[in-house]
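Chemist: have a look at this fold, sequence not included:
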C-alpha cells in the first residue's frame, strides 16, 4: 500500500478537501466553508493548513467562537443539510464558547464539524495556559463538556486515529437518522506529529444522502389506519425540507384530500395558496391548525420530533381515540406516543404511501373545513399587519411588511424571544423553504450569526434577519463579520426595550414585572438608558437608519435592498401588542397560591392541563 508522510494537521485538512457531495447531479465540495478564531491551540499547525487550501475550503474570520459556529449551523440549514460548515477554536474558553452552538445543532438535527485545541498528550508542559486541571482524572479537559451536545465526539491522541475517526464523524453528520454536530479535540502536540498515511485515504469521495426505504408491513398498517380515518391530518416538520420532499407532500395531500399543518421547522414546506394548507400548528401557530388538530382522528407526523410548542405540551389533540402515524428516519422520534412508526425517508415513504392509498380520499367536508379555518387565520394575519396612523409598530406589522417586500430567493431568519411566534403566526408562504426560525434550542444570539452563514450559502439573494434588542445585545459582532467579508445582510432590529416576551409570560402566570423590561430592572438612576442601535451598527461598518413610523418602512427597506453592504433598520416595537392563538402550554407554576393574581393563573393552567395526553 502506497503511503504519504504528513503531519496530523496536514492529513486532516487534506481529507476534508477530498470529500464531495452530489447535489442535483452536480458534484460539490461537502465542506463549503470554515470559520476560525485562532489561538495557541490551533494556529501553529491547523491554521497554516487551512490557509493552504483557501481556494478549495474558504476560511472566514469570526469575532466570537459561539457565533461563528452558529453561522456554520445556519450554512448547513440553508443547504438543507447537504453541505457542512466547519468551526475551529483554540483550547479552553475558545473551545467552550462553541458549546451553545453545538447544543443548537444537536437539538435541530443539523450537521456541524468542530475542531478545538486540547491539552498536551505528553502532559510535560502541564498545566498549560487555559487548561482546567482535574487532578482526580488528568484525561479530562473542558472539551469533555461537548459530549452532552454532540452526536459524535473524539479526541485524537495519535495521528493514525483520524483514519477511523473522520469517516465516522462524517457518516454521523450525513446520516439523516443521526444527523447532528461532531466534535474532535486536537491536542497541541498531536497536531504536528507526522505519520505514514495510506494514499487511498485521501482519494476523492462522493457522498450521497441515504434514503431508507419503508418496510412494507409498516406501510400496510398505515394504509389500513388511514382508510378508516374520517378526519386525517398531516403535520409537516423540518424533515420534509431536509428530505427535499415538499413536492411529495403536496401530491400526497392533494391526491388524498388531506389537510396539512406545519411545525415551526416545517414552515414553508407548502405554499399558503394551497387550499389544503391549514396553517402553523401549536403555541406559536394558528387557531386554524389547532382546530384541525383538536378534531383530527388520525394524525400523520412527517419529519418532526413533536416538541412542546408544536403539540401545546400534548394538549392540541383532543380526540380520545386519536391514532398517530409517525414517518421519521430517526427511530426515537418515530416511536413517540405509541404511534404507528414508519422508520424511513420522508420523500420515499410519501411517494410509496401515495401509491398504496390508490383512489382513497378523505371527505370533502373535512377539507372544506380546513380551508374555511385557514381563510379566517389569513384574514386575521392581514388585520394584524394593517398599519393605522403613526402608532408604535407591532411585530405583526413588521412581519407583514417583510412578507410583502421580499423577493423570490430571499431568506428570512430569526430566533428566540417574541419574534419566532410572531413570524410563525403571521407568515404567508409565498415560496418553498428560504425560511429559518431557530426555535428548537430557542437560542438568543443565533439571528445575526445565522444570517451571516445563510448569506454565505445564498450569495445571490438577500438574507433578512429579524432580531430583538435583547438578542442583538447578546451577539451582534457578525454585523462586522458580514461587512468585513462582503456578505451583505438586511438586519431588522425590533426594539421593545427589554425581554418583552418573558415579561408577558411573567405577567400571564400571575407574577409581577421584574428584571425583563428595562424599566423594571434594577439600575443606578431613574433614567432608563437606551442603546442607539443605529450608531452601534454604523460603528461596525454597516449602513443603518431608524424607522419611527411603519408608513416609512417600505422606503427604508428599498434602501436596504439597494445597498452594497449590510444594512440595519431599527424599529421601536410596542411591547404590549402580541399575536395570539388558542393553545395551552405547560409552564411550571407554584402549587402554593399566595394571592388572587396567582390563583387566576393557576386555575387557567389547571383547566388547560385537562386536555393533555398522558404520554400515549
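Modeler: Sure thing, it's come through. All values derive from a computational prediction rather than experimental measurement.
Chemist: which residues of the chain score low on pLDDT?
Modeler: 615-616 (pLDDT under 70).
Chemist: would you map out the domains in it?
Modeler: The chain breaks down by automatic domain parsing into domains covering 3-207, 216-376, 386-572.
Chemist: surely residue 433 touches residue 268?
Modeler: Yes. Applying CB atoms under 8 Å as the test, residue 433 and residue 268 come out as touching, 5.6 Å apart. To be clear about C-beta, it is placed using only N, CA and C from the backbone, and glycine gets the same treatment.
Chemist: does anything pack onto the helix or strand containing residue 455? Which helices or strands?
Modeler: Per DSSP states H and E: residue 455 is located in helix 446-457. For helix 446-457, the packing partners by 3 or more CB pairs under 8 Å, 6 or more residues apart in numbering; DSSP states H and E come out as strand 31-36, helix 65-78, strand 411-415, strand 435-438, strand 463-468, helix 469-474, helix 478-485.
Chemist: residue 464 bridge partners, please.
Modeler: residue 412, residue 490 (DSSP bridges).
Chemist: what about it, neighbour count?
Modeler: Summarising burial for residue 464: neighbours were counted as other CB atoms under 10 Å, giving 24.
Chemist: which residues does it contact?
Modeler: Counting by CB atoms under 8 Å, 6 or more residues apart in numbering, residue 464 touches 402, 406, 410, 411, 412, 413, 489, 490, 492.
Chemist: assumed residue 557 was part of a helix.
Modeler: Yes. Counting by DSSP: H, G, I helix; E, B strand; the rest coil, residue 557 is located in a helix.
Chemist: ok, now which ones touch residue 516?
Modeler: Neighbours of residue 516 in contact, by CB under 8 Å, 6+ apart: 498, 499, 500, 502, 503, 506.
Chemist: now render those as TSV, adding neighbour count.
Modeler: TSV is the format used below for those (neighbours: other CB atoms under 10 Å):
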residue	neighbour count
498	21
499	25
500	26
502	16
503	24
506	18
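Chemist: and which of those is nearest to residue 66?
Modeler: Lowest distance from residue 66 to the contacts of residue 516 (CB to CB) belongs to residue 499, with 19.1 Å.
Chemist: for that closest one, which non-adjacent residue is spatially closest?
Modeler: Leaving aside its chain neighbours, residue 499 sits nearest to residue 516 (4.3 Å; criterion: CB to CB, 6 or more residues apart in numbering).
Chemist: distance of the one you found from residue 470?
Modeler: According to CB to CB, to the nearest Å, residue 516 stands 9 Å off from residue 470.
Chemist: residues shared between the contacts of these two?
Modeler: Counting by CB under 8 Å, 6+ apart, the residues touching both residue 516 and residue 470 are 498, 499.
Chemist: the helices and strands packed on helix 446-457: which one's closest to residue 560?
Modeler: Residue 560 lies closest, by CB to CB, to one member of the helices and strands packed on helix 446-457: strand 463-468, at 8.6 Å.
Chemist: what residues of the closest one count as buried?
Modeler: Neighbour counts over strand 463-468 (16 or more other CB atoms under 10 Å) mark 463, 464, 465, 466, 467, 468 as buried.
Chemist: quick one: contacts for the first one?
Modeler: Under the criterion of CB under 8 Å, 6+ apart, the contact list for residue 463 reads 410, 411, 412, 413, 451, 454, 455, 489, 490.
Chemist: quick one: it and residue 457, what's the gap?
Modeler: Distance of residue 463 to residue 457, computed by CB to CB: 9 Å.
Chemist: find the centremost residue of the protein, please.
Modeler: Most central in the chain under CA atoms, centre = their mean is residue 438, positioned 3.4 Å from the mean C-alpha point.
Chemist: you'd agree it is up against residue 450?
Modeler: Yes. Counting by CB under 8 Å, residue 450 is a contact partner of residue 438 at 6.4 Å.
Chemist: leaving out chain neighbours, which residue sits closest to residue 536?
Modeler: Using CB to CB, 6+ apart, the closest residue to residue 536 is residue 476 (7.4 Å).
Chemist: list phi and psi for the one you found.
Modeler: Phi and psi for residue 476, reported as degrees, to the nearest 10, are phi -140, psi 0.
Chemist: can you lay out the contacts of residue 516 as CSV showing secondary structure and distance to residue 446?
Modeler: Formatted as CSV, the contacts of residue 516 follow (DSSP: H, G, I helix; E, B strand; the rest coil; distance: CB to CB, whole Å):
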residue, secondary structure, distance to residue 446
498, strand, 19
499, coil, 16
500, helix, 18
502, helix, 17
503, helix, 21
506, helix, 23
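Chemist: name the helix or strand for residue 593, please.
Modeler: Here residue 593 is assigned to no helix or strand, by DSSP H and E.
Chemist: just read off the phi/psi values of it.
Modeler: Residue 593 adopts backbone torsions of phi -90, psi 120, taken as degrees, to the nearest 10.
Chemist: what separates it from residue 599, distance-wise?
Modeler: Taking CB to CB, one finds residue 593 at 5 Å from residue 599.
Chemist: cool, residue 295 as well?
Modeler: 32 Å.
Chemist: again, but for residue 429
Modeler: 42 Å.
Chemist: now swap in residue 446 and tell me
Modeler: Residue 446 is 37 Å from residue 599, by CB to CB.
Chemist: neighbour-wise, which of these two wins?
Modeler: The neighbour comparison of residue 446 against residue 599 (other CB under 10 Å) goes to residue 446, with 34 against 12.
Chemist: ok, that one touching residue 438?
Modeler: Yes. At 4.6 Å, residue 446 counts as touching residue 438 under the criterion of CB under 8 Å.
Chemist: spit out the residues that contact those two alike.
Modeler: 104, 415, 416.
Chemist: scan those residues and report the most crowded one.
Modeler: In terms of neighbours by other CB under 10 Å, the shared contacts of residue 446 and residue 438 top out with residue 415 at 30 neighbours.
Chemist: which non-adjacent residue is nearest residue 475?
Modeler: Nearest non-adjacent residue to residue 475 (CB to CB, 6+ apart): residue 445, at 3.4 Å.
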